[in-house]
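K.L.:
Provided below are the primary sequence and the corresponding predicted coordinates.
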Amino acid sequence: VTSALPDRALILAPRGRDAQVAAGMLRETGVGTLICADIAALVAAAADGAAFAVVTEEALRTADLRPFATWLAQQPEWSDFPFILLTERGGLERNPAAGRFLETLGNVTFLERPFHPTTLVSIARAALRARHRQYDARASMMALRELSASLEERVEAATDERQAVLAQLHEAQKLETIGQLTGGVAHDFNNLLTPITAALDLMQRRYGGSDPRAGRLIGSALQSAERAKTLVQRLLGFARRQTLQTRPTDLASLITGMRDLVASSVGPMIEVRVRCEVGLPPALVDPNQLELAILNLCVNSRDAMPDGGQVRIAAERMTVDADDRLPVAPGQYLLLSVTDTGSGMDAETLARAVEPFYSTKEQGKGTGLGLSMVHGLAAQMGGGFRLESAPGEGTRADLWLPAAIDAADRRDPAAPALPMADLRPMALLLVDDEELVRNGTAEMLRDLGHSVVEAASGGEALIRLADGLPIDALVTDYKMPGMSGAELAQRLHRLRPDVPVLLITGYTGNPGEAADLARLDKPFRQADLANALARLLEPPGDAGRRGN
Ligand SMILES: Nc1ncnc2c1ncn2[C@@H]1O[C@H](COP(=O)(O)OP(=O)(O)OP(=O)(O)O)[C@@H](O)[C@H]1O
Ligand SMILES: [Mg+2]
């Protein structure tokens, strides 16, 4: 920048050959020189740009200095134009106007004649250096000015971004709070549902065959209980409290496998398209829950296209970076999207769609839990969910699912379910603090031919064990006041290392604490219980009778 600014020296020395002599001396500093005839010429040249000026005292003595003063006063803020004033010996003392020059010129260095040429050269060099510092200051000021000009814009952009992040955070916190409330309610509800299902199931077995009327009644009660169970599952799903069976899953075959189910769910008016990128890595998901989520999304799409349209399910690979502003942490994902050509959503609906119980459907038609479940599931699996929609422009639902890239994730721990296992009669210790639930479970177990000793707490169970109660297995609720099921299992393990434990869970507890224990989710039916016990006593290692 400095080099672009003029580096010449101006000379105003009207007497004799003074100007030529001065120019000759200045040549040594390496700057160009311009000899000016009078003050007016000097001011004009300085205004055009110059590094400094050498002026003799007598050139100023009689001249009109006002234009000069004006120019100096109007210098830009970075500039303090340097002068070298060549004076006569004693000239200043004799000249009362000298003080006036001083004030006018500002940045002035006096050099009394006669002087040695090297003195002028060194003073000229100092003036040049001073001027260069001014040029640098000018460059910084210009940069600053540019910066401040764009500052407002940048502050605005940063503010917008911050507001967007805050809005996102607010949204997330709201959902989190609702999730906690919902989760608590769903958990209690689930506990109530367990004995209801159990009792109905037993009654169906006992009386369903002999009394067809009772059979029908019990059958429809069971159906209602099943629907309630689905609801509770969705709620637990939203609250991220469902027990997930996460495993590496090939999305392409999962989606293709669902095609017919989706097609029949959305009806013949809607075209179903499936597109999966080839060579996708497996996704680390719970395949059953993911199928449910996809189905929820497709059903929403159907409802948004009463006159038909198209729904497209697609999966592709995606690397998410920190600055992508997506609802997921940086990492490797599979992006599963369900896109429709339906009515779309207005801003308000879009903002609230994920909230549990938010539905624009007729009373009794929609629970408003479909998207809540999808959102909660995505979060619980370590992924993310986002809706994009505008009225008349259809809807796109994006699900980010974590990719299973780790070799350790590739093993498939999923054991195929047995039909209804037939086991030898066993002696079981059943522990549950809730009497209704415990009675129901005990009834199921006895009905399967096992003998059951019931205990209402971990402490009570330990007393029975200390008394020497012989058992083949322990079946215990996970969440109990005082001692949790996992803790009881640990204590039992110390007393009797060979006795297997089946943990009955309402939601994902602390997986670290009970990760290696067999589990059964509430609510369950007799067949689930029987199968869980069978798996417990015949762990996957010796899978002799296990079919596909
Ligand atoms: N694909 C879509 N197109 C247009 N609107 C949608 C779409 N998906 C969801 N919505 C809107 O979001 C609301 C909430 O959806 P959500 O799936 O959570 O509940 P629902 O569909 O109303 O009830 P349920 O899923 O229990 O039948 C819907 O009522 C609808 O207004
Ligand atoms: Mg829905």
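P.N.:
Right, received. Where do you want to start? Ligands and ions are numbered 1, 2, ... in the order given.
K.L.:
hey, where'd the strands end up in the stretch 401-548 of the chain?
P.N.:
427-431, 451-455, 473-477, 501-505, 518-521 (DSSP state E, counting those that start in this stretch).
K.L.:
Next, the contact list for Gly368, please.
P.N.:
355-359, 361 (CB atoms under 8 Å, 6 or more residues apart in numbering). C-beta here means a position set from N, CA and C on the backbone, and glycine is covered the same way.
K.L.:
Out of these, the closest to Thr243 would be?
P.N.:
Ranked by distance to Thr243 (CB to CB), the contacts of Gly368 are led by Pro356 at 19.3 Å.
K.L.:
before we move on, what SS does the closest one have?
P.N.:
coil (DSSP: H, G, I helix; E, B strand; the rest coil).
K.L.:
Tell me how many other residues crowd the nearest residue to it once chain neighbours are set aside.
P.N.:
Leaving aside its chain neighbours, Pro356 sits nearest to Ser372 (4.2 Å; criterion: CB to CB, 6 or more residues apart in numbering). If you count neighbours by other CB atoms under 10 Å, Ser372 ends up with 26.
K.L.:
Any of the contacts of Gly368 buried? List them.
P.N.:
With neighbours counted by 16 or more other CB atoms under 10 Å, those contain buried members at 355-356, 358-359.
K.L.:
which regions of the protein sit below the pLDDT cut-off?
P.N.:
Within the chain, the ranges that satisfy pLDDT under 70 run 1-5, 90-102, 406-422, 507-515, 539-548.
K.L.:
Spell out which residues of it are next to ligand 1.
P.N.:
296, 300-301, 304, 340, 342-345, 349, 353, 358-361, 366-372, 395 (CB under 6 Å from any ligand atom).
K.L.:
from the stretch 101-250 of the chain, which residue is nearest to ligand 2?
P.N.:
Arg234 (9.9 Å; CB to the ion).
K.L.:
Can you tell me the element that residue falls in?
P.N.:
helix 212-238 (DSSP states H and E).
K.L.:
mind listing what's buried in that helix?
P.N.:
217-218, 221-222, 225, 228-229, 231-238.
K.L.:
Touching, the residue of the stretch 101-250 of the chain closest to ligand 2 and Val374? I think so.
P.N.:
No - between Arg234 and Val374 there is no contact under CB atoms under 8 Å: 9.5 Å.
K.L.:
tally of neighbours for Gln180?
P.N.:
By other CB under 10 Å, 13 other residues sit near Gln180.
K.L.:
Skipping its backbone neighbours, what lies nearest it in space?
P.N.:
Leaving aside its chain neighbours, Gln180 sits nearest to Ala239 (6.9 Å; criterion: CB to CB, 6+ apart).
K.L.:
can you pull the contacts of that neighbour?
P.N.:
Contacts of Ala239 by CB under 8 Å, 6+ apart are 179-180, 182-183, 186, 376, 507.
K.L.:
Contacts only, for the residue of the stretch 301-450 of the chain found nearest ligand 2.
P.N.:
The stretch 301-450 of the chain approaches ligand 2 most closely through Gly370 (2.7 Å), counting by CB to the ion. Taking CB under 8 Å, 6+ apart, we find Gly370 in contact with 234, 296-297, 299-300.
K.L.:
What is the nearest of those to ligand 2?
P.N.:
For the contacts of Gly370, the nearest to ligand 2 is Asn300 (4.3 Å; CB to the ion).
K.L.:
The closest one touches Ser372, doesn't it?
P.N.:
No - using CB under 8 Å, Asn300 makes no contact with Ser372, being 11.9 Å away.
K.L.:
Just give me the longest strand of this protein.
P.N.:
Counting residues, the longest strand found in the chain (DSSP state E) is strand 309-320.
K.L.:
Mind listing what's buried along that one?
P.N.:
Buried positions in strand 309-320, judged by neighbour count with 16+ other CB under 10 Å: 309-315, 318, 320.
K.L.:
Does Gly485 touch Arg491 like I think?
P.N.:
No - contact criterion CB under 8 Å: Gly485 and Arg491 do not qualify, at 10.8 Å.
K.L.:
Overlap in contacts, these two.
P.N.:
The contact lists of Gly485 and Arg491 share Gly458, where a contact means CB under 8 Å, 6+ apart.
K.L.:
got the contact list for the residue nearest to Gly309 when sequence neighbours are not counted?
P.N.:
Once flanking residues are discounted, Gly309 sits nearest to Thr341: 4.1 Å by CB to CB, 6+ apart. By CB under 8 Å, 6+ apart, the residues touching Thr341 are 305, 309-311, 394.
K.L.:
thinking again about what came up before, so which of the contacts of Ala239 are in helices?
P.N.:
Counted as lying in helices by DSSP state H, out of these, are 179-180, 182-183, 186, 376.
K.L.:
rewinding a little: report all helices and strands that the helix holding Arg234 contacts.
P.N.:
helix 117-207, helix 370-380 (3 or more CB pairs under 8 Å, 6 or more residues apart in numbering; DSSP states H and E).
K.L.:
between that helix and helix 117-207, how many degrees?
P.N.:
Angle between the axes of helix 212-238 and helix 117-207 is 170 degrees (criterion: axes from the mean of the first three to the mean of the last three CA atoms, to 10 degrees).
K.L.:
Figure out how far helix 212-238 is from the centre of its chain.
P.N.:
Counting by CA atoms, centre = their mean, to the nearest Å, helix 212-238 is centred 37 Å from the centre of its parent chain.
K.L.:
Just say helix, strand or coil for Leu387.
P.N.:
Quick answer, by three-state DSSP: Leu387 is strand.
K.L.:
partner residues bridging it?
P.N.:
For Leu387, the beta-bridge partners are Ala397 (DSSP bridges).
K.L.:
wait, what's in contact with it?
P.N.:
Contacts of Leu387 by CB under 8 Å, 6+ apart are 345, 350, 353-354, 371, 395-398.
K.L.:
Let's see if you can find the most crowded of those.
P.N.:
That'd be Ala397 among the contacts of Leu387, by other CB under 10 Å, with 26 neighbours.
K.L.:
Show the contacting residues for that one.
P.N.:
297, 300, 337-339, 374, 385-388.
K.L.:
Not counting sequence-adjacent ones, nearest residue to the residue of the stretch 151-300 of the chain found nearest ligand 1?
P.N.:
Nearest to ligand 1, among the residues of the stretch 151-300 of the chain, is Asn300, at 3.3 Å (CB to the nearest ligand atom). Leaving aside its sequence neighbours, Asn300 sits nearest to Gly370 (CB to CB, 6+ apart; 5.9 Å).
K.L.:
Tell me the residues of this structure that contact ligand 2?
P.N.:
300, 370 (CB under 5 Å from the ion).
K.L.:
show me what contacts the residue of the stretch 151-300 of the chain closest to ligand 1?
P.N.:
340, 370-371, 395, 397.
K.L.:
Then it would be within a helix, right?
P.N.:
Yes - judged by three-state DSSP, Asn300 forms part of a helix.
K.L.:
And it, how close does it get to Met345?
P.N.:
10 Å (CB to CB, to the nearest Å).
K.L.:
any residues in contact with both of these two?
P.N.:
Residues touching both Asn300 and Met345 by CB under 8 Å, 6+ apart: Thr395.
K.L.:
what about the strands in the stretch 251-400 of the chain?
P.N.:
270-276, 283-285, 309-320, 331-340, 384-389, 395-402.
K.L.:
from the buried residues of strand 309-320, which two are the most distant?
P.N.:
Maximum pairwise distance in the buried residues of strand 309-320, criterion CB to CB, is 30.0 Å, between Gly309 and Val320.
K.L.:
ok, now which ones touch Arg240?
P.N.:
Taking CB under 8 Å, 6+ apart, we find Arg240 in contact with 179, 183, 376-377, 379-380, 508.
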